[in-house]
Every structure is written in structure tokens, then in C-alpha cells.
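Novice: Sequence first, predicted model second:
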Amino acid sequence: MQFASEIKSKLPTAGTTIFSIMSALAAKHNALNLAQGFPNFPVSEKLISLVNAQMKAGANQYAPMQGVQLLRERIAEKMHNRYNISYHSETEITITAGGTQAIFTAIQAVIRDGDEVIIFDPAYDSYAPAVTLAGGVTIHYDLMAPDYKIDWQAVKKLITQRTRLIIINTPHNPSGTILTVDDLQQLEALISHSNILVLSDEVYEHIIFDGHMHQSVCAFPALAERSFVVYSFGKTYHATGWKLGYVLAPEALTTEFRRIHQFNVFSVNTPMQYALADYMQDAGNYELLPPFYQEKRDKFVSFLQGSRFKIMPCSGSYFQLLDYSNITDEKDTEYAKQLTIEKGIASIPVSVFYQRKIDNKVLRFCFAKDDETLQRAAEKLLSV
Ligand SMILES: Cc1ncc(COP(=O)(O)O)c(C=O)c1O
């Protein structure tokens, strides 16, 4: 204990995450928890049986460092069938402990002291600490409500000699926006003559609505050749607790990624990798997701009709933003707590996703919940 005070924190401003705070508050006040982003419906019985069968068959020891070969082959097939893009299963695909570890390891692989990394806020909370731990400097571009649109000419002004990486996320957590072909073409034009790399967080690739197609950097050759592209089985198969994901990157980037990955986790969960490989044989498994989640979004929105909250557009991800500026001037962090304690419904205040803590009076609600939970949540919000 006596040494604790001598430890100079590498992340001195990092406290307990808002997700833990709001979840604890929700539990304490017996509130519905629409704060943390996890589904409350079950993983497919078939997938669970496949995991079980793999465990019984003895697939319980270390997997290969880069991931189970069959699963990497399935991912390569998927990228080919869905996007007509080739990623080599041997040299360009690595299985990770969820999207978060893929993001962390990719950043450690390419960021050196003083390198600048452009992050679009509001942002998933693991990006900036990973950059700081790698010795990099985060440069924040603030996306603003209600449309959270990127002005690429403004991004251009943030680029310096030190810019090494740009992190993008589509579909976007927390705003529910998606990047368009035009966005990706503008990004391509902006960096194609530089040595800037891209980390594209596409964990919600299959949670996209209203007939929109997911636009992956993989489909833009001048971006793909300089990108790490991150995916999560947790999001796709309602199994966030399994912490399994993968990263695609050209061979040279993958080689650097794996140099770190082998000492970071070495390898990840074996039986689930084999089970997912079997499960992915049935291509239909992920085609069902857009209509499934669109129905959830639409139900939540229809249950909310007549409420004093302004419902913001949501094109992807499983988050619905609600603007409460018509209701109160309270800070979003305070209002989220108040709703939890007084109305029994927990959300995430969007200001926490900004380095500058910008308060647009917007709260994030996860609608990956069964219909009854969504209905009860809406009733609580209608009582405001
Ligand atoms: C934008 C974004 N990226 C990455 C992740 C992490 O995914 P995983 O749970 O697979 O680590 C999440 C999870 O909430 C997320 O919202």
C-alpha cells in the first residue's frame, strides 16, 4: 500500500467509467438500465450448442495466436461475398478479444511518442486512453447535434506533419449516424497523398436501417491499404460478454498488429472461435440483423409518441438519442442521474463522450432490449 501514492498514473484523469456509474445507480434505484450497450435477449440456441459441442470435443486449449484458421477463412469468405473484397486469411485477418482489444492493439502498433491522432467526438471511450498510453496526442473534432455530420474541410485544418492516424466509426456510437460514400471519398482524397493511417471501427456493421448499406473503408482501395478495420462478434450475435472480435488490415499492418497482440493476449477463446466458424457457414445469420433491430428502433420510437423528448434520427447502431432541451436546462450528467433516481430509467449523457464535455442536452438509450422492456422504458419517459 505504501507504494501506491508513488505510482504516477498513466491515465490520471480516468475515473470509473460512466457505464459503471449509471449501471450501479440503476441497480441501486431498481431502474431500467438502457444505459450500457448490451442486448437483453438470448444468444441463438444453435450457436450455444455449437460452443458446447466444441468444448465437449476438447477444443479447450490455446488457439493459434492469430486465431483459428477456419474462422479466419469464414471471415475472408464473408468479406468476399458481402463486399467483394479480398482479405487473406493467413496474413490479413486476426481474431481478437472483442473490438476493444483490436482497437487498443492497433493503436499500440502504430502510434509513437508525439504522434497525433484525430478522433471524432462524441467517441467510444476506449480510443483516447489507448492513444495516450501509446504516447500519442489526441486531436478532437467535435461533431454536433442534431446531425453529427463531419465537415471534411474542417478536418483538413486539423492535419499536421505529426498526424499519424484518423479514427472513424460507422455506424456511430453514440449518435446513430452512418458515414456515406461521399464521406469516405472525402477522407480518401484528404489522406491519399500522406502517410496517415485509418482505424475504422465498424462493430455495428450489421445494425443499419432504412435500406442503407454499410460503407466500409474496405471498399475504398486507397483507404483499405492504410486501414485497420475492426469488427465485433459480440454486437453481431448478441454475445457482448464473449468478447470476441477481429481486425482486418493489409499484411504489413497485420504483422505489426500481431507483434503486439502476441504479448497482449496471445490468443483468444478457442471453443467459441470454432463454434462461430461453424455458425458463419449459414450466411443468413447476419442478414437478419437490420430488420430485427430496425423493428426495435421503430417500436421504441412509436412507444415514445407524445413524449416531451425530441426523438433524434438513428440510421444505425442500437442507440437512440433523445433531446430533452424542451424539458429542462439541467446538465445532461445531472439529468441522466435524476431520471434514474426519480423516474427509474437509466441512460448515458452524451457529454461524457466528448473530451470537451459538450452538453447538447442529449441522452443515449440502448434499444437492444425485449419489447416489454422498451415499452416500460417508454412509459417512464412519457411520465416526464
Ligand atoms: C463504437 C464501439 N466500438 C467498439 C466497441 C467494443 O466492442 P467489443 O464489445 O467487441 O469490445 C463498442 C462496444 O460498445 C462500441 O460501441
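Specialist: Done, it's in.

Novice: OK, contacts around residue 51?
Specialist: For residue 51, the contacting residues are 271, 272, 275, by C-beta atoms under 8 Å, 6 or more residues apart in numbering. Using the backbone N, CA and C atoms, a C-beta is placed for each residue, glycine as well.

Novice: May I see the buried residues of the strand or helix carrying it?
Specialist: Assigned by DSSP states H and E, residue 51 falls within helix 45-56. Buried residues in helix 45-56, defined by neighbour count with 16 or more other C-beta atoms under 10 Å: 47, 50, 51, 54.

Novice: Could you pull up the residues touching the first one?
Specialist: It stands for residue 47. Applying C-beta under 8 Å, 6+ apart, the residues near residue 47 are 237, 239, 275, 276, 279.

Novice: before we move on, what about the last one?
Specialist: Taking C-beta under 8 Å, 6+ apart, we find residue 54 in contact with 270, 271, 272, 274, 275.

Novice: how about the nearest residue to it, chain neighbours excluded?
Specialist: residue 271 (3.8 Å; C-beta to C-beta, 6 or more residues apart in numbering).

Novice: Give me the secondary structure label for the most centrally placed residue in the chain.
Specialist: Closest to where the C-alpha atoms of the chain average out (C-alpha atoms, centre = their mean) is residue 203, at 5.0 Å. Per DSSP: H, G, I helix; E, B strand; the rest coil, the local secondary structure of residue 203 is coil.

Novice: hang on, the earlier thing: can you list the buried residues of helix 45-56 in JSON lines and add distance to residue 104 and pLDDT?
Specialist: Listed next are the buried residues of helix 45-56 as JSON lines, based on distance: C-beta to C-beta, whole Å; pLDDT from 0 to 100:
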{"residue": "47", "distance to residue 104": "26", "pLDDT": "95"}
{"residue": "50", "distance to residue 104": "28", "pLDDT": "96"}
{"residue": "51", "distance to residue 104": "25", "pLDDT": "98"}
{"residue": "54", "distance to residue 104": "27", "pLDDT": "98"}
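
Novice: Now the two most distant members of the residues you listed.
Specialist: Between any two of the buried residues of helix 45-56, the greatest separation by C-beta to C-beta is 10.8 Å, found for 47 and 54.

Novice: who's in contact with whichever residue of the stretch 201-350 of the chain sits closest to the ligand?
Specialist: Proximity of the stretch 201-350 of the chain to the ligand (C-beta to the nearest ligand atom) peaks at residue 232, 3.2 Å away. Counting by C-beta under 8 Å, 6+ apart, residue 232 touches 98, 99, 203, 240, 244, 245.

Novice: hey, what's it bridged with?
Specialist: Counting by DSSP bridges, residue 232 is bridged to residue 245.

Novice: Relative to residue 102, how far out is it?
Specialist: As judged by C-beta to C-beta, to the nearest Å, residue 232 and residue 102 stand 8 Å apart.

Novice: shared neighbours of those two, anything?
Specialist: Counting by C-beta under 8 Å, 6+ apart, the residues touching both residue 232 and residue 102 are residue 245.

Novice: returning to that earlier point: can you get me the centre-to-centre distance for the helix holding residue 51 and its chain?
Specialist: Once both centres are worked out by C-alpha atoms, centre = their mean, to the nearest Å, helix 45-56 turns out to sit 26 Å from its chain's centre.

Novice: do you know how far the residue nearest to residue 131 when sequence neighbours are not counted is from the ligand?
Specialist: Spatial nearest neighbour of residue 131, excluding adjacent residues (C-beta to C-beta, 6+ apart): residue 117 at 4.6 Å. For residue 117, the distance to the ligand (C-beta to the nearest ligand atom, to the nearest Å) stands at 15 Å.

Novice: for the helix or strand hosting residue 117, packing partners?
Specialist: Using DSSP H and E, residue 117 maps to strand 116-121. Where contact means 3 or more C-beta pairs under 8 Å, 6 or more residues apart in numbering; DSSP states H and E, strand 116-121 is packed against helix 127-133, strand 137-142, strand 163-169.
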